[in-house]
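> Quick check, what structure comes out for this input:
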Amino acid sequence: MFDKPIIGITMGDPASIGPEIAIKALLNQHIYDICRPLLVGDADVFNDIIKRLSLDAKIKPINTVSDAKFELGNIDVFDLQNVKLDKLVFGEVSAMAGNAAFGAVQKVIELAMAGKIDATVTGPINKKSINEAGHHFAGHTEIYAHFTNTSKYAMLLVEDNLKVIHVSTHVSLRQACDLVKKERILEVVELLFNGLISLGETNRKIGIAGLNPHAGDSGLFGTEDAEEILPAVEEALLRGYDVEGPVPPDTLFAKAATGAYGGVVAMYHDQGHIPFKLSGFKWDAEKQQMASVKGVNITLGLPIIRTSVDHGTAFEIAGKGIASPDAMTLAIESAVRLSTYRKQIIV
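Numbering: from 1, shown residues only. Have a look, this model is predicted:
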């Protein structure tokens, strides 16, 4: 058992589906077969979910990693005791919930940086709640970069054939256009290439999206493609990377979904997220809810491993017992995969 990596998993926002999907994922023997999972958050919140949903599990609160037993059905929780259950309302934005979610993320980073755990997995947080608690970050990626003192990082989304990295993420569309610069594109190409190696991917051909319709169409629809993206592609080729671009986005993602590229570079948040979620998210029109939510978010460039579900807090179904743990399971599996690779490199 001691050869298996210890994976720290945050509860996410306690008013969200985060605690539910974490518990459900850890009810699967498969997770214990591949790792030693440790939840990080408030033990009372997890106990409440188990009781509400009549789940077959018990919570074991601990305050040091060495006390964890990693036994199926007896779930270890690094207990931060930072939620007042009588004040917690499912689906409600609150400073208390935001502070608890932030505290779990901060603690799991601390444990990973100290070498107490091998990788981290994060549940969904609500950015408004985080900010109402006084923690002014745009999201998980920025929190991790701050507390690990990382300046060069990027978000990678993984779902089957689609592996999408972003030049920018949580900024306005106007700002995103201004951030399409040659050096940043080269930076994310390098991060993506190293990420593909870390994931054990043999296809390392990288497709680079254009920014404007038809990748600018020779300057008819904007100049960024010719002035920033194309020079980045040419420089990447000179550095030995197998890249293609700028490719019109409406063509790039159709090709990527079939495995034409090992990974692709999106210029901004929605350009990458929309095709990614179209692939991994399945909506049940009859039940008016998601039937399945798949996809993993990996932060590249950090000194520690961080993966995450790539869906939100789903406040509208929090506490109802219908949230799917698929994405959480995939995030844990990816963290194990990355941790195993990292250990092999160190050895």
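
> how about the strands in the stretch 51-200 of the chain?
58-62, 74-79, 119-122, 154-159, 162-166 (DSSP state E, counting those that start in this stretch).

> The closest residue to Gly263 other than its chain neighbours: neighbouring residues, count only.
Of all residues not flanking Gly263 in the chain, Lys163 sits nearest, at 3.9 Å (CB to CB, 6 or more residues apart in numbering). Placement of C-beta: from N, CA and C, glycine included. For Lys163, the neighbour count with other CB atoms under 10 Å is 24.

> Got the domain ranges for the chain?
With domains defined by automatic domain parsing, the chain comprises 6-150+302-346, 154-276.

> got these as a markdown table, with mean pLDDT columns?
Formatted as a markdown table, the domains of the chain follow (pLDDT from 0 to 100):
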| stretch | mean pLDDT |
| --- | --- |
| domain 6-150+302-346 | 94 |
| domain 154-276 | 93 |
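
> Glu286: which of these is closest?
Closest to Glu286 of the domains of the chain is domain 6-150+302-346 (CB to CB; 13.7 Å).

> if I pick Gly139, what's in contact with it?
Going by CB atoms under 8 Å, 6 or more residues apart in numbering, Gly139 touches 125, 127, 169-170.

> Now the two most distant members of those residues.
Ile125 and Thr169 (14.5 Å).

> neighbour-wise, which of those two wins?
A direct count of neighbours by other CB under 10 Å for Ile125 and Thr169 places Ile125 higher, at 29 against 19.

> So that one versus Gly272, what's the distance?
Applying CB to CB, to the nearest Å, the value for Ile125 to Gly272 is 20 Å.

> Identify the residues contacting the spatially most distant residue from the centre of the chain.
Residue farthest from the centre of the chain, counting by CA atoms, centre = their mean, is Leu220 at 36.3 Å. By CB under 8 Å, 6+ apart, the contact set of Leu220 is His214.

> Quick check: it vs Thr251, distance?
Taken as CB to CB, the span from Leu220 to Thr251 is 17 Å.

> With Val45 instead?
45 Å.

> Please identify which of these two sits among more neighbours.
Val45 (28 against 14).

> pretty sure the more buried one is in a strand, no?
No: the assignment for Val45 (DSSP: H, G, I helix; E, B strand; the rest coil) gives helix, which keeps it out of a strand.

> Just give the number of residues close to the closest residue to it other than its chain neighbours.
Nearest non-adjacent residue to Val45, counting by CB to CB, 6+ apart: Pro14, 4.6 Å away. Other residues near Pro14 come to 29 when the count uses other CB under 10 Å.

> list the contacts for Pro14?
Pro14 makes contacts with 41-42, 45, 83, 88, 97, 100-101, as judged by CB under 8 Å, 6+ apart.

> Columns distance to Ala335 on top of the residues you listed, output as TSV?
As requested, the contacts of Pro14 are exported to TSV (distance: CB to CB, whole Å):
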residue	distance to Ala335
Gly41	17
Asp42	22
Val45	22
Val83	24
Leu88	27
Ala97	24
Ala100	22
Ala101	19
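
> and Ser151, how far is that from His135?
Distance from Ser151 to His135, by CB to CB: 20 Å.

> Those two: which has the busier surroundings?
Taking neighbours as other CB under 10 Å, Ser151 and His135 compare with His135 leading, 20 against 7.

> Would you map the helices across the chain?
Counting by DSSP state H, one finds helices in the chain at the ranges 18-25, 29-34, 43-53, 95-113, 127-132, 140-147, 173-178, 182-198, 224, 230-238, 249-256, 269-280, 326-346.

> what about the ones you listed, which gets the closest to Ala119?
helix 326-346 (4.0 Å).

> and that closest one, how far out from the chain's middle?
Distance of helix 326-346 from its chain centroid, counting by CA atoms, centre = their mean, to the nearest Å, is 12 Å.

> Quick one: work out the angle between it and helix 269-280.
Counting by axes from the mean of the first three to the mean of the last three CA atoms, to 10 degrees, helix 326-346 lies at 110 degrees to helix 269-280.

> Which strands and helices lie in contact with helix 326-346?
Judged by 3 or more CB pairs under 8 Å, 6 or more residues apart in numbering; DSSP states H and E, the packing partners of helix 326-346 are strand 6-10, helix 18-25, helix 29-34, strand 119-122, helix 182-198, strand 289-293, strand 296-300, strand 306-309.

> Dump those to CSV, plus distance to Phe70 and mean neighbour count.
As requested, the helices and strands packed on helix 326-346 are exported to CSV (distance: least, CB to CB, whole Å; neighbours: other CB atoms under 10 Å):
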stretch, distance to Phe70, mean neighbour count
strand 6-10, 8, 28
helix 18-25, 14, 27
helix 29-34, 7, 14
strand 119-122, 14, 29
helix 182-198, 25, 20
strand 289-293, 26, 16
strand 296-300, 22, 24
strand 306-309, 19, 28
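
> could I get those as a markdown table with distance to Tyr241?
Converted to a markdown table, those look like this (distance: least, CB to CB, whole Å):
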| stretch | distance to Tyr241 |
| --- | --- |
| strand 6-10 | 31 |
| helix 18-25 | 35 |
| helix 29-34 | 32 |
| strand 119-122 | 27 |
| helix 182-198 | 6 |
| strand 289-293 | 32 |
| strand 296-300 | 15 |
| strand 306-309 | 24 |
